[in-house]
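Student: sequence-free structure coming up:
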Ligand code: M6R
């Protein structure tokens, strides 16, 4: 949700900022801009649109200076427009600021600045920061103090970067509830919302914590606590991802690359550090109420996880949509509550908000994330980093299947701890887990073309239905989310058994209904539901076991899937729907990597 970046070093800043912004574009893409400093002057280029469109119009590489900041935006305050695009400047046009987050008290600060005759031209909350700094400087403060004073007045969430013409030797940054990492180089430094943006230059990252600021220079950085203004020493963490992992390579889109990367991502997940899996299993075992918490796709993984925990570890867990958690369960949180939060980015505001609430009530917080150094890793008592590599496409693909595989391993560990399974059952499940990457490989290679054909036939549909029973309900939810967010076709997902309690009334001739039918105990009932839908004229598209001739015969389109333990089926059955969503988007002329109105990491409540 907005990406910010900064560079200070011996090179021209603008081309480096431009390149880094392209890597951050998944965080927002309605407008972008860059500001640099040279010879005591501030230079700014910004506009509405995606970065490369703006670059064609304005040449974002053509700004002088070795220090600068950049921004790619996902609008919160003020519509996407040139005026609302970042960087924002002060009245003297010597201070430039970029910001990710929401400043809650901006109306009151804006009023105060207007009373002091500042001219505020945008509708954003960000612009006030530049003017607050300007005001302090007018009153005699040095840039560093002016910046720290301005930031200390903000309430809400922010990752901020500022440059000022009177001191071209520094970038001033601060964070609260929005991610910010310093990329530490030899004779240069960068700063970014996501370490991925600077991996090309350095793999050493220092992650700022909430309530911290930093002054970044060519040859070093100082971290300062905003509350006490005391200095904090922190050494860099090594980011294990290779630069090539965040490139598209031969693929037309990141999403397609990430779908095809799944077999390898799943292989990585089978090499989790066992001490952490043990630790999480032990902490889950101590809980009385266990919640699996996530948003969007990560919630769907939690839903699959709750079925897996129930069946393998005989343990009831509650999957909860993060933004609903406090209202629904807040009053029952205690020291006996365990919350396992699942978040690819580890920065989703709805997740962090719920966790902070629970933490203050002594709950045990655990995490599964793909992002080293994310806020989730810092607030969790114990956590697992799933190591799926960077996911640039806004739609979660490889991270979903990996999340479910992490949850399955945890459930198995918990089952062993609680003595819930016989040795032969454990052995069988371990074997199945280890066969998942090669099954995924087969599915990735065999369903792409078939799903494209289905997408071609169904691309003009006005709506879709996705049905599954048991754990396949979580697959239906994930299929619906993928298709809806990328093709913009409104879709419905239901537990198949529940469909006759209302939703079936939408069915009319040729209405497309997708059924997810792995060979499990609910297969017969699923067939009953297929018959009900067929009787009302629906077009049936089944994703089912490849040897299921009965389902094949009942279906207008049939997508055959290899044999798999139904408990792990979401990992495999989600893949054809990722292709479906991808092809629908491409066929309809939409960008599957950057669906409209969305951002990869949702850091506002
Ligand atoms: O980073 P997180 O896993 O916490 O993100 C949660 C959701 O925002 C995310 O899964 C979103 O729903 C994706 N667009 C789904 O493809």
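Tutor: On my side now, so go ahead. Since the model is a prediction, treat every value here as computed from it, not as a measurement. Numbers count the residues shown, from 1 in each chain.
Student: could I get the buried residue list for the helix ranked longest in the chain?
Tutor: The longest helix of the chain (DSSP state H) is helix 423-458. Buried positions in helix 423-458, judged by neighbour count with 16 or more other C-beta atoms under 10 Å: 429, 432-433, 436-437, 439-441, 443-444, 446-448, 450-452, 454-455, 458. Where you see a C-beta, it was placed from the backbone N, CA and C, and this is true even at glycine.
Student: also stretch 185-198?
Tutor: The neighbour-count check on stretch 185-198 (16+ other C-beta under 10 Å) flags 185, 188-198 as buried.
Student: just to revisit the earlier point, quick check: mean pLDDT of the longest helix of the chain?
Tutor: Across helix 423-458, pLDDT averages out at 95.
Student: how about stretch 186-194?
Tutor: For stretch 186-194, mean pLDDT is 96.
Student: picking up where we left off before, on contacts alone, who are the packing partners of the longest helix of the chain?
Tutor: helix 254-260, helix 262-269, helix 398-418, strand 557-561, helix 569-587 (3 or more C-beta pairs under 8 Å, 6 or more residues apart in numbering; DSSP states H and E).
Student: can you give the distance of the next helix or strand after it from its chain's centre?
Tutor: Tracing the chain C-terminally past helix 423-458 and defining elements by DSSP states H and E, one meets strand 464-468 next. Its chain's C-alpha centre and that of strand 464-468 lie 25 Å apart, by C-alpha atoms, centre = their mean, to the nearest Å.
Student: quick check: mean pLDDT across whichever helix or strand comes after strand 464-468?
Tutor: Proceeding N to C from strand 464-468, the next assigned helix or strand is helix 472-487, under DSSP H and E. Mean per-residue pLDDT for helix 472-487: 98.
Student: same thing with stretch 353-371?
Tutor: 96.
Student: residue 380 contacts residue 342, correct?
Tutor: No: assessed by C-beta atoms under 8 Å, residue 380 is found out of contact with residue 342, at 11.2 Å.
Student: overlap of the contact sets of the two?
Tutor: residue 367 (C-beta atoms under 8 Å, 6 or more residues apart in numbering).
Student: adjacent strands (with direction) for the lowest-mean-pLDDT helix or strand in the chain?
Tutor: Every helix and strand of the chain was ranked by mean pLDDT, DSSP states H and E. The lowest is strand 237-238, at a mean of 90. Applying DSSP bridges, strand 237-238 is found paired with strand 204-207 (antiparallel).
Student: I'd like the next helix or strand past the partner strand.
Tutor: Note on strand 204-207: by DSSP H and E, the next helix or strand toward the C-terminus is strand 212-217.
Student: residues making contact with that next one?
Tutor: By C-beta under 8 Å, 6+ apart, the residues outside strand 212-217 that reach it are 6, 8, 144, 147-148, 151, 169-175, 182, 189, 191, 208, 221-226, 232.
Student: returning to that earlier point: which of the buried residues of stretch 185-198 sits closest to the ligand?
Tutor: Using C-beta to the nearest ligand atom, residue 194 comes nearest to the ligand of the buried residues of stretch 185-198, at 11.4 Å.
Student: wait, what's in contact with the closest one?
Tutor: When contacts are counted by C-beta under 8 Å, 6+ apart, residue 194 touches 3, 23-24, 27, 179, 181, 601.
Student: from these, which are also near the ligand?
Tutor: residue 601 (C-beta under 6 Å from any ligand atom).
Student: how about the contacts of residue 194 in CSV, adding pLDDT and neighbour count?
Tutor: Compiled in CSV, the contacts of residue 194 are given as follows (pLDDT from 0 to 100; neighbours: other C-beta atoms under 10 Å):
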residue, pLDDT, neighbour count
3, 92, 33
23, 89, 23
24, 90, 28
27, 85, 28
179, 90, 26
181, 96, 28
601, 80, 27
